[in-house]
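Visitor: I would like to see how this sequence folds:
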Amino acid sequence: MSTLVRYERDGAAARLILDSPHNRNALSTALVEQLHDGLTRASADHGVRAVILGHTGGTFCAGADLSEAADRDPTDLAADRARELTRLLRRILELRLPVIAAIDGHVRAGGLGLVGACDIAVAGSSSTFALTEARIGVAPSIISLTLLPKMTARAAGRYFVTGEKFGATEAADIGLVTVATNDVASTVADLTSAIAQASPQGLAASKALTTSALIDDFERRAEKLTQESAALFVSAEAREGMMAFLEKRSPNWIA
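Guide: Below you'll find the model as predicted:
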């Protein structure tokens, strides 16, 4: 199996680098499993105080890998993919180490869910974001669990339905990212240096205070949203939307 997530130790930080630029670091089954492996390795790596989630190429994460959807039975894929994403987001929230998203590129759809799950998100000035699910006949169902607590209500009400692109400054203004900066590497280094001064116990307990409400929400709503996501994914509209995307044409609901 090819390496889609690289693990690097950088002082007190473990870097997990999404390295699948051929599909814009889309959330394929293999990439998600390698992310889990990286999080497990970081947790066991003595001296690690933070995880930095970075990327190669011009896209941080493009969301679901729609090319996989074309190769598998849609009913089976829908349920599996929804549960994969739910498990990954919850894993980041429950990790005892703080996770920093280092974004210097574009983020789309499910990729925003990763950003929402991270404790700190740093975005370069050229980064762009868009929730494009409605344009292919689905919805940001699972990722709403990590996005709605972070984004302002007005921003969510707009970007969930319009699919518009917005930049790093706007993302910071609405709470999606922590810092918009011209120097992602320097900003992340400063944050990691500050985190490295904390004890493992102090970090874990402090992070838990900030994630407990989100984890409680997962307990209450994740299964219902997983089922809703799967049902949308196998609908006729979603199938048309995904095929239109892959074929680079407009879906049939656009005149």
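Visitor: who are the contact partners of Ile195?
Guide: Ala12, Arg49, Ala50, Pro98, Leu203 (CB atoms under 8 Å, 6 or more residues apart in numbering). The way it works is simple: take the backbone N, C-alpha and C, and place the C-beta from them, glycine included.
Visitor: just checking, which of the residues you listed belong to strands?
Guide: Ala50 (DSSP state E).
Visitor: now flag whichever of the contacts of Ile195 is closest to Arg154.
Guide: Pro98 (28.0 Å; CB to CB).
Visitor: contacts only, for the residue nearest to that closest one when sequence neighbours are not counted.
Guide: Nearest non-adjacent residue to Pro98, counting by CB to CB, 6 or more residues apart in numbering: Asp119, 4.3 Å away. By CB under 8 Å, 6+ apart, the residues touching Asp119 are Pro98, Val99, Ile100, Lys207, Thr210, Thr211.
Visitor: would you mind writing the CA trace of the strand or helix carrying Gln34 as PDB?
Guide: In this assignment (DSSP states H and E), Gln34 forms part of helix 29-44. Written as PDB, here are the backbone C-alpha positions of helix 29-44 (Å, rounded to 0.1, in the frame of the first residue of the first chain):
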ATOM      1  CA  THR A  29     -10.600   4.600   3.000                       C
ATOM      2  CA  ALA A  30      -6.800   4.100   2.800                       C
ATOM      3  CA  LEU A  31      -6.000   7.700   3.800                       C
ATOM      4  CA  VAL A  32      -8.400   7.700   6.700                       C
ATOM      5  CA  GLU A  33      -6.900   4.400   8.000                       C
ATOM      6  CA  GLN A  34      -3.400   5.800   7.700                       C
ATOM      7  CA  LEU A  35      -4.500   8.900   9.600                       C
ATOM      8  CA  HIS A  36      -5.700   6.700  12.400                       C
ATOM      9  CA  ASP A  37      -2.400   4.900  12.400                       C
ATOM     10  CA  GLY A  38      -0.600   8.200  12.600                       C
ATOM     11  CA  LEU A  39      -2.700   9.400  15.600                       C
ATOM     12  CA  THR A  40      -2.000   6.100  17.400                       C
ATOM     13  CA  ARG A  41       1.700   6.400  16.700                       C
ATOM     14  CA  ALA A  42       1.800  10.000  18.000                       C
ATOM     15  CA  SER A  43       0.000   9.000  21.200                       C
ATOM     16  CA  ALA A  44       2.600   6.400  21.900                       C
END
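Visitor: counting by contacts, list what it packs against.
Guide: Applying 3 or more CB pairs under 8 Å, 6 or more residues apart in numbering; DSSP states H and E, we find helix 29-44 packed against strand 5-10, strand 13-18, strand 50-55, helix 74-94.
Visitor: of these, which approaches Asp37 most closely?
Guide: strand 5-10 (7.5 Å).
Visitor: contacts for the closest one?
Guide: 14-19, 31, 34-35, 37-38, 41-42, 45, 48, 52, 192.
Visitor: what ranges do the strands span in this structure?
Guide: Counting by DSSP E, the strands of the chain are 5-10, 13-18, 50-55, 59-61, 99-103, 106-108, 120-124, 128-130, 166-167, 179-181.
Visitor: many thanks, we can stop here.
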